[in-house]
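> test case, fold it:
(chains A and B)
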Amino acid sequence: AQSVTQPDIHITVSEGASLELRCNYSYGATPYLFWYVQSPGQGLQLLLKYFSGDTLVQGIKGFEAEFKRSQSSFNLRKPSVHWSDAAEYFCAVGRMYSGGGADGLTFGKGTHLIIQP
Amino acid sequence: DTAVSQTPKYLVTQMGNDKSIKCEQNLGHDTMYWYKQDSKKFLKIMFSYNNKELIINETVPNRFSPKSPDKAHLNLHINSLELGDSAVYFCASSQDLEGSGANVLTFGAGSRLTVL
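Got it, this is the predicted structure:
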């Protein structure tokens, strides 16, 4: 079964500083990988996804992520954070059900990002 | 227009009561889901429906019963509510890409259930 690990529960970054959120996955085949963001009291919004091709993917709000198969990682980065980036960030991997079709996502436990002024 | 809408947004009720949460999507997606987010923000899939057919039931007590009257709706009914059912419940939908895991989920804003 697939699994996702986000080793950092909380990260504090100064406004304007760079950011990297870590994500490691466990999956037997080529993974489909996602990053979602959840602002307080809100639903989840897709930041970016990796299906195939270029291992560096660009997303919304200035975020990017790099897929590294050798490290089973899909870390999220941003060169300069803004106070509005404070939120919960979730890494996820696509699921497959036994019938062979796609079936939602398995999420990591999330990383809570705090922005210091 | 909201793509995935859930009602109610907040629900406060007593233990033992029965309650429902409704979800509708106007994206024309084939698959709909219910996820539960606990107090530690952990998201866990509960059910998925593809074209009104139940695909996954992830070790959820049978007090929880999903109902999908049509492809655009997936409701969640909970009987005999317990304190541990307090959580945020998210509905989501995706377009089924058969044979792959490459489906992008669109989430609703969540329904916060508090059981007293």
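
> isn't B:Lys41 up against A:Thr111?
No - the pair B:Lys41 / A:Thr111 is not scored as a contact, 9.7 Å apart, by C-beta atoms under 8 Å. The way it works is simple: take the backbone N, C-alpha and C, and place the C-beta from them, glycine included.

> anything in contact with each of the two?
Counting by C-beta atoms under 8 Å, 6 or more residues apart in numbering or on different chains, the contacts common to B:Lys41 and A:Thr111 are A:Glu88.

> more neighbours, those two?
Each of B:Lys41 and A:Thr111 has its neighbours counted (other C-beta atoms under 10 Å in any protein chain shown); A:Thr111 has more, 21 against 16.

> A:Tyr89 is in contact with the more buried one, correct?
Yes - A:Thr111 is within contact range of A:Tyr89, at 5.0 Å (criterion: C-beta under 8 Å).

> tell me which helix or strand the closest residue to A:Ala92 other than its chain neighbours sits in.
Spatially, and ignoring its direct neighbours in sequence, A:Ala92 is nearest to A:Leu105 (4.0 Å; C-beta to C-beta, 6 or more residues apart in numbering or on different chains). Per DSSP states H and E: A:Leu105 is located in strand A:102-107.

> give me the contact list for whichever helix or strand comes after that strand.
Once the chain leaves strand A:102-107, the next helix or strand it forms, by DSSP H and E, is strand A:111-116. The contact list for strand A:111-116 (C-beta under 8 Å, 6+ apart) reads A:6, A:8-15, A:19, A:21-22, A:81-83, A:85-89, B:41.

> the bottom helix or strand of the chain by mean pLDDT?
Went with chain A since none was named. Least confident helix or strand of chain A, by mean pLDDT, DSSP states H and E, is strand A:102-107 with a mean of 78.

> my question was about chain B, not that one.
Lowest mean confidence among the helices and strands of chain B (mean pLDDT, DSSP H and E): strand B:53-57, at a mean of 75.
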